[in-house]
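Visitor: please work out how this folds:
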Amino acid sequence: MTELYALALGYLLGSIPFGLILTRAFGAGDLRSIGSGSIGATNVLRTGRKGLAAATVLLDAGKGALAVAIAARWLPGLEGVAAIGAILGHCFPIWLKFNGGKGFATAAGVCLALAWQVMLVCAAVWMAAIAISRTSSVSSMLAVVTAPLAAWLLGFAAMVPIMAIIAAIVIVQHRANIQRLIAGTEPKIGRKG
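Guide: The predicted structure follows:
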């Protein structure tokens, strides 16, 4: 039962759609009707509201970190389960008919809370990839697939399966991006619409 509590905790926190809430509150319309239709920060950026996009990143990462922190305090040993729940909640929120975001910012938050050293490695990979590709999906996918390897190399063996599951969820959520990358139609950072 405690595993279910941890999963539910993560899911409920993860399912708060901050990108959608912020864009509606500040008059940018329904985020799901533009760009990729995702509720994440990259799509918020396509509204031209950089401040809202930055706030979305922070809040989406924060809800993931909070899920892990609460689990650490009240359900010790189940931080990884809460982390997976947060990713699932963001990607498949019940409030939005299970159509959510790609999960990258929330994954960054849970990674930071679970093992900040791993997060530093992933952040370096993300920054290098974004500088070279100027494509959010490429940098996000490279960063998340780095996480299990970094966890193993840095001595966080217990985190490897958790990071691998999270990476798999995020990659699956990027399946449309992968198709566009293959077709050469994936938009670069900063393009509206």
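Visitor: for the helix or strand of the chain with the lowest mean pLDDT, buried residues please.
Guide: Lowest mean confidence among the helices and strands of the chain (mean pLDDT, DSSP states H and E): helix 41-45, at a mean of 85. The neighbour-count check on helix 41-45 (16 or more other C-beta atoms under 10 Å) flags Ala41, Thr42, Asn43, Val44, Leu45 as buried. Where you see a C-beta, it was placed from the backbone N, CA and C, and this is true even at glycine.
Visitor: so what's the residue nearest to Arg49 when sequence neighbours are not counted up against?
Guide: Take Arg49 and drop its neighbours on the chain: the residue closest to it by C-beta to C-beta, 6 or more residues apart in numbering is Ala28, 5.6 Å away. Contact analysis of Ala28 by C-beta atoms under 8 Å, 6 or more residues apart in numbering lists Leu22, Val44, Thr47, Arg49, Leu52.
Visitor: hmm, back to that, so after the least confident helix or strand of the chain, what's the next helix or strand?
Guide: Toward the C-terminus, helix 41-45 is succeeded by helix 50-74 as the next helix or strand (DSSP states H and E).
Visitor: low-confidence ranges, this structure, go.
Guide: Applying pLDDT under 70 to the chain flags residues 190-193.
Visitor: just the strands in it please.
Guide: Assigned by DSSP state E, the chain shows no strands.
Visitor: where do the helices sit along it?
Guide: Applying DSSP state H to the chain gives helices spanning 2-14, 18-25, 41-45, 50-74, 79-91, 104-114, 116-133, 136-153, 160-173, 175-183.
Visitor: other SSEs contacting the fifth one?
Guide: This means helix 79-91. Packed against helix 79-91, as judged by 3 or more C-beta pairs under 8 Å, 6 or more residues apart in numbering; DSSP states H and E, are the following elements: helix 2-14, helix 50-74, helix 104-114, helix 160-173.
Visitor: count of residues packed around Ala168?
Guide: Here the number of neighbours of Ala168 (other C-beta atoms under 10 Å) works out to 14.
Visitor: check Gly155 too.
Guide: The tally of other residues near Gly155 (other C-beta under 10 Å) stands at 10.
Visitor: can you give me phi and psi for it?
Guide: phi 90, psi 20 (degrees, to the nearest 10).
Visitor: quick one: it from Gly27, how far?
Guide: 48 Å (C-beta to C-beta, to the nearest Å).
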